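Undergrad: Fold the following, please.
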Amino acid sequence: MKKTFAIFLFAFAVLAADSPDLTMQTRIRQEGLRNSKVMEIATGLLDGIGARLTGSPNMKRANEWTRDKLTEFGLSNAHLESWGPFGRGWSYESCSVRMTSPDVVQLIAVPKAWSRATNGALRGRPVKVKLATTEDLQKEKGKFAGKILMIPDSSTQTPRSHTEADFKRYDEKQLAEIEQYDVAERVRFTPEETARRRLFRRELATFLEEEKVAAVIEEGRGDFGTMIVQQSGSQKASDPQGAPTVTIASEHFQRMARLLDAGKDVEVEIDFKTTFYDQDPNAYNTIAEIPGTDKKNEIVMLGAHLDSWHAGTGATDNGAGVIATMEAVRILKAIGIAPRRTIRIALWSGEEQGLLGSRAYVAQHFAKREDPKDPKQRELPYSQRTEKTPLVLAQDHARLSAYFNLDNGTGKVRGVYAQSNAAVRPLFESWIGPLKDLDVTTVTMRNTSSTDHVSFDEVGLPGFQFVQDQIEYDTRTHHTNFDTYERLQKEDLMQAATVIATFVWETANRPEMMPRKPLPQ
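TA: Next up, the predicted model:
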């Protein structure tokens, strides 16, 4: 009987130790939902600064603005931490693309990142051509010197039905599906496919350069004037630059394509100015802290990527994550009660080029793999290397309790991915119990990829991404020219910041560090 009672007391103590701090959850709610500053942060970041391509002057301004804003919120040791080399910066100052015959039309157009400028207006009859494979390049050699090429969208994605709603939230059935573990662990692109795409981009740039193509007009993937705009060249000065390349709206592209197919005499005028920045090859992450008390040498981190593409103002990708995480630490600081562990926020650069900023930070502070012996492998991005080398742990690896990330748009938080870490599931389920009236209901053992929590997870650290409502992320804003302030959902950002602050507070104050998975082999 005594043994049974002792076991009961031990189990009760364990449960009590990991029960949610309802008093603090109440205070966090009160500050986050009744005194929110999310739209003030949004205005300063998105309207005041705008797009934030890593290496650009706007990214430098964003680093400095977030550092100063976090200092204003009362955080300590707010600073910029360099990593690199990243390569050259880039921005565009002006862009005009017109069809001048058989009709005069101003086209919706944005240059692709790291594209060369046109150096004045280029005029000519465009040539529509398919350049989607190495075989296409070989077949078309010697045909296009001085020409303006029109390259259709080669995406194999099924066109979206216009009967579907752009604005989406998860329903109960979809959340239940997310909660079921995905044994196949599907990924959008395998490492081999990613490597193939990277190699072809380099081949295409070399082809355009060697063939002396005057300019390229690419069809933007999207509809209603929405277009995804990423990069054509590379931040590496040693890589081929290709030709001046601009993306135009699909509707405009298709009109010109139909005219060309009908044998009409189509003429276009292209004029855009770009600037490369070679003065500082490094990039920077913004870092700041709320110091801990009795466990101040242990760390809880939260973060989001500060960089964006350049066609919009990066509102949902990932201004929303930056806004919510900055607001989360503002909430915790405003409450005025110091956490046990130190809370550290990190706003990353270089995420869009392959989680570069967070991976560099993790390598510097927590763990890194030895460089591959094969020089060709060393040239590849970290995620595409097939030669796996030993993992070397730094001293701080043992000091990080967990990292929480937000990077799937403006939607409210609906749950959290446990990244196959079974030991954290009951903790998360306990913490979200009092948050269910805010629509936080789901803890899934699934892994999710493609954002900065991966940099921590892949070296054996507890790194987590939240489940978010999709809203318009995949249909309208992700990497597009419509990723702007107007797409933000104020109440969702308030909810997300409140949930993140709750998770961070619970992690910072539980008696033990967060449970870990075995180190990756």
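Undergrad: So which residues of the protein form helices?
TA: Secondary structure of the chain, counting by DSSP state H: helices at 2-17, 22-34, 38-42, 57-72, 134-139, 172-179, 191-210, 250-261, 320-335, 356-365, 375-379, 425-432, 453-457, 490-509.
Undergrad: and residue 346, which of these is closest to it?
TA: Among these, helix 356-365 comes nearest to residue 346, with 6.5 Å by Cβ to Cβ. From N, CA and C alone the C-beta is placed, and that goes for glycine too.
Undergrad: chain center to the closest one: distance?
TA: Centre-to-centre, helix 356-365 and its host chain are 15 Å apart (Cα atoms, centre = their mean, to the nearest Å).
Undergrad: Equivalent analysis for stretch 386-405, please.
TA: The chain centre lies 21 Å from the centre of stretch 386-405; the measure is Cα atoms, centre = their mean.
Undergrad: Next, the buried residues of that stretch.
TA: 391, 396, 397, 399, 400, 401, 402, 403, 404, 405 (16 or more other Cβ atoms under 10 Å).
Undergrad: export it as CSV, just CAs?
TA: Output of stretch 386-405 as CSV, limited to C-alpha atoms (Å, rounded to 0.1, in the frame of the first residue of the first chain):
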residue,chain,number,x,y,z
THR,A,386,24.6,13.1,-49.6
GLU,A,387,28.0,12.7,-47.9
LYS,A,388,27.0,12.7,-44.2
THR,A,389,29.7,13.7,-41.8
PRO,A,390,30.0,13.5,-38.0
LEU,A,391,28.0,15.9,-35.8
VAL,A,392,30.1,18.1,-33.6
LEU,A,393,28.3,19.5,-30.5
ALA,A,394,29.2,22.8,-29.0
GLN,A,395,28.9,23.5,-25.2
ASP,A,396,25.6,25.4,-25.6
HIS,A,397,24.0,22.4,-27.2
ALA,A,398,23.1,21.2,-23.7
ARG,A,399,21.7,24.6,-22.7
LEU,A,400,18.9,25.0,-25.2
SER,A,401,15.6,23.8,-23.9
ALA,A,402,13.5,24.4,-27.1
TYR,A,403,13.1,26.6,-30.2
PHE,A,404,9.6,27.7,-31.4
ASN,A,405,9.1,29.0,-35.0
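Undergrad: got a list of what residue 457 touches?
TA: Each residue near residue 457 by Cβ atoms under 8 Å, 6 or more residues apart in numbering is listed here: 419, 447, 463.
Undergrad: Of the helices of the chain, which shows the lowest average pLDDT?
TA: When the helices of the chain are compared by mean pLDDT, helix 2-17 comes last with a mean of 47.
Undergrad: quick one on the thing from earlier: what's the farthest-apart pair in the buried residues of stretch 386-405?
TA: 391 and 404 (22.4 Å).
Undergrad: about what we covered before: give me the lowest-pLDDT entry from the contacts of residue 457.
TA: Lowest-confidence member of the contacts of residue 457: residue 447, scoring 94 (pLDDT).
Undergrad: And for the closest residue in space to that residue that isn't next to it in sequence, the neighbour number?
TA: By the measure of Cβ to Cβ, 6 or more residues apart in numbering, the closest residue to residue 447 outside its immediate chain neighbours is residue 419, 5.2 Å from it. Residue 419 is flanked by 21 other residues according to other Cβ atoms under 10 Å.
Undergrad: is it true that residue 419 touches residue 449?
TA: No. At 9.8 Å, residue 419 does not count as touching residue 449 under the criterion of Cβ atoms under 8 Å.
Undergrad: Strands along the stretch 301-450 of the chain, start to end?
TA: For the stretch 301-450 of the chain, the strands defined by DSSP state E, counting those that start in this stretch cover 341-348, 367-369, 391-393, 400-405, 413-417, 442-444.
Undergrad: I'd like those as CSV, with mean pLDDT appended.
TA: Below are the strands of the stretch 301-450 of the chain laid out as CSV (pLDDT from 0 to 100):
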stretch, mean pLDDT
strand 341-348, 98
strand 367-369, 93
strand 391-393, 94
strand 400-405, 98
strand 413-417, 98
strand 442-444, 98
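Undergrad: and residue 268, which of these is closest to it?
TA: Distance to residue 268, taken as Cβ to Cβ, is lowest for strand 341-348 among the strands of the stretch 301-450 of the chain, at 38.4 Å.
Undergrad: can you give me the angle the closest one makes with strand 400-405?
TA: Angle, strand 341-348 to strand 400-405, by axes from the mean of the first three to the mean of the last three Cα atoms, to 10 degrees: 40 degrees.
Undergrad: tell me which strands and helices strand 341-348 is in contact with?
TA: When contacts are defined as 3 or more Cβ pairs under 8 Å, 6 or more residues apart in numbering; DSSP states H and E, strand 341-348 sits against helix 57-72, strand 283-290, strand 295-305, helix 320-335, helix 356-365, helix 490-509.
Undergrad: And those: which comes nearest residue 256?
TA: The closest of the helices and strands packed on strand 341-348 to residue 256 is helix 57-72. By Cβ to Cβ, the value is 31.5 Å.
Undergrad: Report how many residues lie close to residue 146.
TA: Residue 146 is flanked by 11 other residues according to other Cβ under 10 Å.
Undergrad: contacting residues around it?
TA: Contact partners of residue 146, counting by Cβ under 8 Å, 6+ apart, are 124, 212, 213, 214.
Undergrad: Surely the third one is in contact with residue 243?
TA: Yes. Counting by Cβ under 8 Å, residue 243 is a contact partner of residue 213 at 4.2 Å.
Undergrad: list residues touching both of these two?
TA: With Cβ under 8 Å, 6+ apart, residue 213 and residue 243 have common neighbours residue 149.
Undergrad: mind checking how far residue 121 is from residue 268?
TA: Using Cβ to Cβ, to the nearest Å, one obtains 10 Å as the distance from residue 121 to residue 268.
Undergrad: circling back to that earlier point, of all the helices of the chain, which one comes closest to residue 115?
TA: Nearest to residue 115 among those is helix 191-210; the distance by Cβ to Cβ comes to 10.0 Å.
Undergrad: Can you name every helix or strand that the closest one contacts?
TA: helix 134-139.
Undergrad: Report the distance from stretch 243-255 to the chain centre.
TA: Stretch 243-255 has its C-alpha centroid displaced from the chain centroid by 25 Å (Cα atoms, centre = their mean).
Undergrad: Over to stretch 68-79?
TA: The answer for stretch 68-79 is 23 Å, by Cα atoms, centre = their mean.
Undergrad: What residues sit buried inside that stretch?
TA: Neighbour-count burial for stretch 68-79 flags 69, 70, 73, 75, 78 (criterion: 16+ other Cβ under 10 Å).
Undergrad: picking that back up, as CSV, the contacts of residue 457 with distance to residue 27 would be great.
TA: Below are those laid out as CSV (distance: Cβ to Cβ, whole Å):
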residue, distance to residue 27
419, 29
447, 33
463, 27
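Undergrad: Go through the residues you listed and say which is closest to residue 298.
TA: Using Cβ to Cβ, residue 463 comes nearest to residue 298 of the contacts of residue 457, at 15.9 Å.
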